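# coordinates only, sequence not included:
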């Protein structure tokens, strides 16, 4: 034993002979640390002037250093830390159990929505079948009507052609009538495309062009008349509105004048009463004013006798009757638009009839006479008129076209709804069948949730089972979409990692990605975000979902050990 701790390393390989000195580089010194945890330290740390053991035993032989025993204090600190850890785990597990119910509810809602979509798809597909049948039916009606219309038109053209040939022959046209009428018909057809084809005008095309121009001119005239009528109606409405506004202003002005006159009359009465009281107080005896007596106030305030008052009242009534029975002469100036001047009923009727007859356009009923010589009569004109009638408005065709358009819109609407429902069903199946929600599906409680935190100048947000983003102002950068769960084997407790991958590509670098590490805590919150390497982000996320019963049992055992040792 004399070689033990003699400050010379006899056991060079192990250094066991010098546990209490620094003689052996590889030797170890045992810190007993009574009241705390004992541990080994390297022998080279013994008597180095630093207190490495909480009980100070590593510097016991060093007279220059005095180490305080801090084992009890360290034990108390560690005990407090484990007590807090146990409390956090206990509360987190309680919250986790409540979140299990939330997860179950969300999964049930997803399942219910999936079943509902399947039922709706069945109904919509049946509605689509019915809508397709209705669409095909109205389309067939439209096709049948078009064919029938074309057949009737063809028959009418043949009838008119035969009639024109008969008339031509009756006029002495001979055997050339049929050829001439067919030639005129071909010329009319060529004239319709002459403008677009850039071909040369012939005599026949000129006649067809004039007929087309006359039709276009009649249409333009009718359109112009309609526009003029609408313009006159709008002008009349504006004048009526202006007249009503002027009448309202005049009524308001009259009301203000009446109010002002009423106030003046009230003031006059008050002044007369004041003067009468002043005269009665000033004169001891009744004094009668003579007509020629000087009156010291304005004449309108002079008191009148009863006879004078009666005379004035008579004059006032006479004037009032004159105003009430005043008749406006035709030449009297009328302050409002002319259409508001009162008229006699009979005169109105006559004026309206004359105006209506004058304004009515009878040109539409004029015969369409082609101003040509008898030698150049267009024998194909009746056939062209039949073709013109074919191109005119057809209410039945319009109704069928509207029905086809409505049926197609209904079909497309149902088809669009089916596609949307199928997309929703794919998303739900992706969530329900493509994810691992952990023990008892507890992580399903995070479905549809997003969590964010402002760290530095950026705001980081991650939505479990969806995506992660980095935001700055109005711009947003995709840090990846959810890929999988995994456990970090390098950590002490095998913490859970949620992986987001395949984000927006960095300039001259890889695609962005983020790993979210779950830490046990009572509430869900983003704790920190770092970028360990270029475009590789790491987020620490506190959540009760990371709390485990196994971890709680481990901490409880440690606490029990402390209680036993201490």
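It's in. Note that the structure is predicted; figures quoted are calculated from it, not measured. Numbering: from 1, shown residues only.

# low-confidence regions, the stretch 401-550 of the chain specifically.
Applying pLDDT under 70 to the stretch 401-550 of the chain flags the ranges 489-494.

# and the longest strand seen in the chain, which residues are buried?
Secondary structure of the chain per DSSP state E: the longest strand is strand 475-487. Using 16 or more other Cβ atoms under 10 Å as the test for burial, strand 475-487 gives 478, 479, 480, 481, 482, 485. For the C-beta atoms, the positions are set from N, CA and C on the backbone; glycine is no exception.

# repeat that for stretch 150-161.
156, 157, 160, 161.

# tell me the mean pLDDT for that stretch?
Averaging pLDDT along stretch 150-161 gives 85.

# picking up where we left off before, now render the buried residues of strand 475-487 as CSV, adding distance to residue 225.
Putting the buried residues of strand 475-487 into CSV (distance: Cβ to Cβ, whole Å) gives the following:
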residue, distance to residue 225
478, 63
479, 68
480, 69
481, 66
482, 69
485, 78
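
# closest one of these to residue 78?
Nearest to residue 78 among the buried residues of strand 475-487 is residue 485, at 32.4 Å by Cβ to Cβ.

# picking that back up, could you list which of the buried residues of stretch 150-161 belong to helices?
If you go by DSSP state H, the buried residues of stretch 150-161 have 156, 157, 160, 161 in helices.

# closest to residue 231 among these?
Ranked by distance to residue 231 (Cβ to Cβ), those are led by residue 156 at 39.9 Å.

# neighbours of residue 446, just the number please.
23 (other Cβ atoms under 10 Å).

# please disregard the earlier target; I meant residue 31.
Neighbour count of residue 31, defined by other Cβ under 10 Å: 20.

# how about it: what's its closest non-neighbour residue?
Take residue 31 and drop its neighbours on the chain: the residue closest to it by Cβ to Cβ, 6 or more residues apart in numbering is residue 53, 3.5 Å away.

# and that neighbour, that's in a helix?
No. Under DSSP: H, G, I helix; E, B strand; the rest coil, residue 53 sits outside any helix and is assigned coil.

# that one against residue 40, yeah?
No. The criterion here is Cβ atoms under 8 Å, and residue 53 misses it with residue 40 at 10.1 Å.

# which one's more surrounded, those two?
For residue 53 versus residue 40, the count of surrounding residues by other Cβ under 10 Å is larger for residue 53: 24 against 11.

# distance check, that one against residue 62.
12 Å (Cβ to Cβ, to the nearest Å).

# repeat that for residue 535.
Separation of residue 535 from residue 62 (Cβ to Cβ) stands at 53 Å.

# and the two? which has more neighbours close in?
Comparing residue 535 with residue 62 by other Cβ under 10 Å, the one with more neighbours is residue 535, at 19 against 16.

# and the closest residue to that one other than its chain neighbours, how many neighbours?
Residue nearest to residue 535 in three dimensions, not counting chain neighbours: residue 506, with 4.1 Å by Cβ to Cβ, 6+ apart. Using other Cβ under 10 Å, residue 506 is surrounded by 13 other residues.

# got any residues that touch both of residue 53 and residue 40?
Residues touching both residue 53 and residue 40 (Cβ atoms under 8 Å, 6 or more residues apart in numbering): residue 31.

# please, which helix or strand holds residue 518?
Using DSSP states H and E, residue 518 falls within strand 513-520.

# if you could redo that for residue 64, that was the one I meant.
Residue 64 belongs to no helix or strand, assigned by DSSP H and E.

# surely it and residue 50 touch.
No. Assessed by Cβ under 8 Å, residue 64 is found out of contact with residue 50, at 11.4 Å.

# what's the pLDDT at the residue nearest to residue 31?
Looking at residue 53, its pLDDT stands at 91.

# dump the residue contacts of it.
31, 32, 33, 41, 67.

# out of these, which are buried?
For the contacts of residue 53, buried by 16+ other Cβ under 10 Å: 31, 33, 67.

# can you add secondary structure and give these back as CSV?
Converted to CSV, the buried ones among the contacts of residue 53 look like this (three-state DSSP):
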residue, secondary structure
31, strand
33, coil
67, coil
